[in-house]
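Trainee: Provided below are the primary sequence and the corresponding predicted coordinates.
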Amino acid sequence: MSRVFITGMGVISAIGNTTAENHRALIAGNCGITKGANFPSRYAGVLPFGEILIPTSALQEQLRVSDTGVTRTTLLALHAFKEAIADAGLSPSQLMSPDTALVGATTVGGMCLMDQMFDDANKNTGGSDFLSSYDCASVNMFLQAHYKMKGLVNTINTACSSSSNAILYGARLIKNGFAKRVLVGGADSLSKFTINGFNALHILSPEICAPFDRDRQGLNLGEGAAFLVLEGEDVPRREEAPGHRKVYAELTGYCNTNDAYHPSSLSGDGPYLAMKGALQSAQLSEDRIDFINAHGTGTENNDEVESRVMLSLFGTPPPFSSAKSNIGHTLGAAGAVEAVYSILNLVHQEIYAGLNFKEPIPATGLRPVQAYQKMSLEHVMSNSFGFGGNCTSLIFSKA
């Protein structure tokens, strides 16, 4: 069973358009959540969103995409994907090799333009240009065609744990000999479809979210994309052979659980078993985890359940915080974006502040990290807990 290393990363979010920009923003404790201006919605200027302030037309121009029917979700994915493959130094021939796989994730995919397609259908007898993008797999189908990839391609949609499961699945492909390298990640853009759905659940906060705070009011939706390059240990490292890839970290543990407890609430069993299973997969005891990138959405149920689980599993939990206080909840992209942040923790031996926290949840008393700090890190856990009880924990270790 091959070990799995991360050899390239790309990310775009509300706090930065590249990995380096995101890193600087995390150090500075920047918050990219604003009362949206660019996104056309009745809630623009009313509710806070983690919006990427690049218009879709500008993304098309920057990425030189002239195809009709390409959604913002696909453009964000392409942006992060390009950075990841450039960072890993992958050649066109390597991308087209049958032993290179692509596993992407999204919750909404082309449905981000459902209202546009409905409008088009009532105006155009020929249908909508975006009809071909409506399939959830359209994002990865575009990437596959754009780079002429011939290896295995798959799309995962497990709500908020989608791209963490893409990472997990990609690692298993490598470990079981189905691929030498896998491009894994996820993307989601803001859309009326998503905003109206979450608003119907009454979990959108009217203020900037405050994960793990006593007075938290809910989550802020965000948009973003991230991709990572996973490679097996048989691929030479850059320092061993010029022209080959550097190694950021090793993916040592992972676990997915499905407790089917409730469509939009957590029972505690799924998160506990996911975190425990990831530790067992990595062959690590609880005291070896140095930092937890928490799921931490800022909703009443989620944060208390995750807090109770950390207390139950760790006794005294290690330092933890939620990046959703910086960028909002990026849905299908969240696991991959926060995996990049977890790897940055390890590479730079530092942890980032959880923003907007004031008072702990009375039932647990836990306080997230409240200031940037340097510290020695060997193992970082990243949690992604999705609707329907689909829970995934990943463990990244210092290379």
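Mentor: Good, I have the coordinates.

Trainee: neighbours around His280, how many?
Mentor: Wrong residue type there; residue 280 is Gln, not His. 12 (other C-beta atoms under 10 Å). All C-beta spots, glycine's among them, are computed from the backbone N, C-alpha and C.

Trainee: export the helix or strand hosting it as CSV, just CAs?
Mentor: In the assignment (DSSP states H and E), Gln280 maps to helix 269-282. Coordinates of each C-alpha in helix 269-282 appear next as CSV, following Å, rounded to 0.1, in the frame of the first residue of the first chain:
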residue,chain,number,x,y,z
ASP,A,269,-22.0,9.6,16.5
GLY,A,270,-20.9,10.3,12.9
PRO,A,271,-18.3,13.0,13.8
TYR,A,272,-16.9,10.9,16.6
LEU,A,273,-16.5,7.8,14.5
ALA,A,274,-15.0,9.8,11.6
MET,A,275,-12.4,11.4,13.9
LYS,A,276,-11.7,8.1,15.7
GLY,A,277,-11.5,6.2,12.4
ALA,A,278,-9.0,8.7,10.9
LEU,A,279,-6.8,8.3,14.0
GLN,A,280,-6.9,4.5,13.6
SER,A,281,-6.2,4.8,9.8
ALA,A,282,-3.1,6.9,10.6
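
Trainee: The helix or strand just after that helix pairs with which strands, parallel or anti?
Mentor: Scanning forward in sequence from helix 269-282 by DSSP H and E, the next helix or strand is strand 291-293. Sheet pairing of strand 291-293 (DSSP bridges) gives strand 320-321 (parallel), strand 379-386 (parallel).

Trainee: Touching strand 291-293 from outside, list them.
Mentor: The contact list for strand 291-293 (C-beta atoms under 8 Å, 6 or more residues apart in numbering) reads 310, 317-323, 338, 341-342, 345, 351, 375, 377, 380-383.

Trainee: Can you flag the buried ones in the residues you listed?
Mentor: Among the contacts of strand 291-293, those classed as buried by 16 or more other C-beta atoms under 10 Å are 310, 317-323, 338, 341-342, 345, 351, 377, 380-383.

Trainee: quick one: which of the strands paired with strand 291-293 is nearest Val182?
Mentor: Taking C-beta to C-beta, strand 379-386 is the member of those nearest to Val182, at 17.6 Å.

Trainee: Please work out the average pLDDT along the closest one.
Mentor: The average pLDDT within strand 379-386 is 95.

Trainee: All the strands of the stretch 51-200 of the chain, in order from the start?
Mentor: 100-105, 153-156, 181-188 (DSSP state E, counting those that start in this stretch).

Trainee: elements contacting the last one?
Mentor: Meaning strand 181-188. Helices and strands touching strand 181-188, as assessed by 3 or more C-beta pairs under 8 Å, 6 or more residues apart in numbering; DSSP states H and E, comprise helix 72-88, strand 100-105, helix 162-175, strand 224-232, helix 334-348.

Trainee: And those: which comes nearest Leu201?
Mentor: Checked against C-beta to C-beta, the stretch from those lying closest is helix 334-348, at 16.8 Å.

Trainee: could you check the angle strand 181-188 makes with the closest one?
Mentor: Interaxial angle, helix 334-348 versus strand 181-188 (axes from the mean of the first three to the mean of the last three C-alpha atoms, to 10 degrees): 120 degrees.
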